[in-house]
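this is a predicted model, with the sequence first.
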Amino acid sequence: MIAATAAAGRRAGGLGPALWTAAALAATLALGACQSASAPAPAFGAAAAPSGGDDVEARLSPTGGSAATGSVVLHQGRDGVDINIWLGGVGPGQFRIVIHETGNCSSRNGFAAGKPWAPPGVPLAVVPLSKNDDSRTVSARLPGYRLHGPDGLDGRAVVVHAGASGTLDAEAGVPNDRIACGVIGAPERFFPR
């Protein structure tokens with residue numbers, strides 16, 4: 001069909017042979033990229049996801065009257081979890097990102113997220129974030145942490161605390177330094193598989 005269309009275009013004084021060849025090549029590549037929806041291929045140059053774990057994500061929502069927003073993406077590495085944090089909606093300052101025991105961000109002051117949490121025998125990971133503008137991204141490794149399983153991160157909360165120091169605990173209904181909270185779970189998908 002492409003050859004017949006190309007011949008008709010040349011007879012009508014249409015596109016030149018080089019342009020038709022490029023169009024035919026593009027169509028061939030587009031058709032060749034089609035595949036079964038049950039077995040998506042990784043992006044060119046990307047390694048396949050390790051078995052047993054896709055990335056998980058926490059969408060940060062403001063707590064305590066702040067305007068903080070952001071996202072946290074976590075990926076299982078060989079000896080821990082890689083964490084990538086984007087924080088926006090707050091001005092310059094020092095912040096701490098901490099995993100909390102309960103995947104609940106429903107309370108106004110972040111109290112529902114519970115206490116700071118680490119797997120048994122692993123030190124609590126506090127990721128510092130220093131901002132000098134409105135948004136900031138930081139990456140870190142959480143050694144000894146896992147995404148899934150009984151001592152995994154899935155279903156817990158990520159809480160952003162204002163300040164470089166101070167308590168990480170909270171009391172119900174009492175103002176504190178918790179300015180954003182997100183529950184760790186499956187990432188939002190923009191396109192169905």
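Noted; the coordinates are in hand.

who's in contact with Pro119?
Counting by Cβ atoms under 8 Å, 6 or more residues apart in numbering, Pro119 touches Gly144, Tyr145, Arg146, Asp151. Quick note: C-beta positions are derived from backbone N, CA and C, even for glycine.

can you map out the helices along the chain?
Using DSSP state H, the helices assigned to the chain run over residues 2-11, 17-32.

enumerate every residue touching Leu147.
Here Leu147 is in contact with Gly53, Val56, Leu74, His75, Gln76, Val81, Leu153, Asp154 (Cβ under 8 Å, 6+ apart).

the residues you listed, buried ones only, as a ChimeraX selection?
Selection of buried members from the contacts of Leu147 for ChimeraX, criterion 16 or more other Cβ atoms under 10 Å:
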select :53,56,74,75,76,81,153,154
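
any idea which of the contacts of Leu147 the model trusts least?
Among these, Gly53 has the lowest pLDDT, at 51.

which one of the contacts of Pro119 sits in the busiest neighbourhood?
When neighbours are counted by other Cβ atoms under 10 Å, Tyr145 leads the contacts of Pro119 with 23 neighbours.

run through the bridge partners of the residue nearest to it when sequence neighbours are not counted.
The spatial neighbour of Tyr145 that comes closest, neighbours along the chain excluded (Cβ to Cβ, 6 or more residues apart in numbering), is Val81 at 4.3 Å. Note on Val81: beta-bridge partners by DSSP bridges are Gln76, Leu142.

next one: Val81 from Ala140, what distance?
As defined by Cβ to Cβ, to the nearest Å, Val81 lies at a distance of 9 Å from Ala140.

repeat for Thr69
Distance check for Thr69 against Ala140: by Cβ to Cβ, it reads 20 Å.

cool, Asp177 as well?
20 Å.

looking at the two, which is more packed in?
Asp177 (20 against 17).

where along this protein do the strands fall?
Secondary structure of the chain (DSSP state E): strands located at 56-62, 69-76, 80-88, 93-100, 126-131, 136-143, 157-162, 178-183.

list the contacts for Val90?
Contacts of Val90 (Cβ under 8 Å, 6+ apart): Ser66, Ala67, Ala68, Lys131, Asp134, Ala162, Ile179.

highest neighbour count among those?
Ranking the contacts of Val90 using other Cβ under 10 Å puts Ile179 first, with 25 neighbours.

outline the domain layout of this structure.
2-30, 56-183 (automatic domain parsing).

hey, which of the ones you listed is tucked in deepest?
Ranked by mean neighbour count, the domains of the chain are led by domain 56-183 with a mean of 17 (mean count of other Cβ atoms under 10 Å).

straight-line length of that domain, end to end?
In domain 56-183, first residue to last residue: 10 Å (Cα to Cα, to the nearest Å).

Ala58 bridge partners, please.
Legend: beta-bridge partners of Ala58 under DSSP bridges are Val72.
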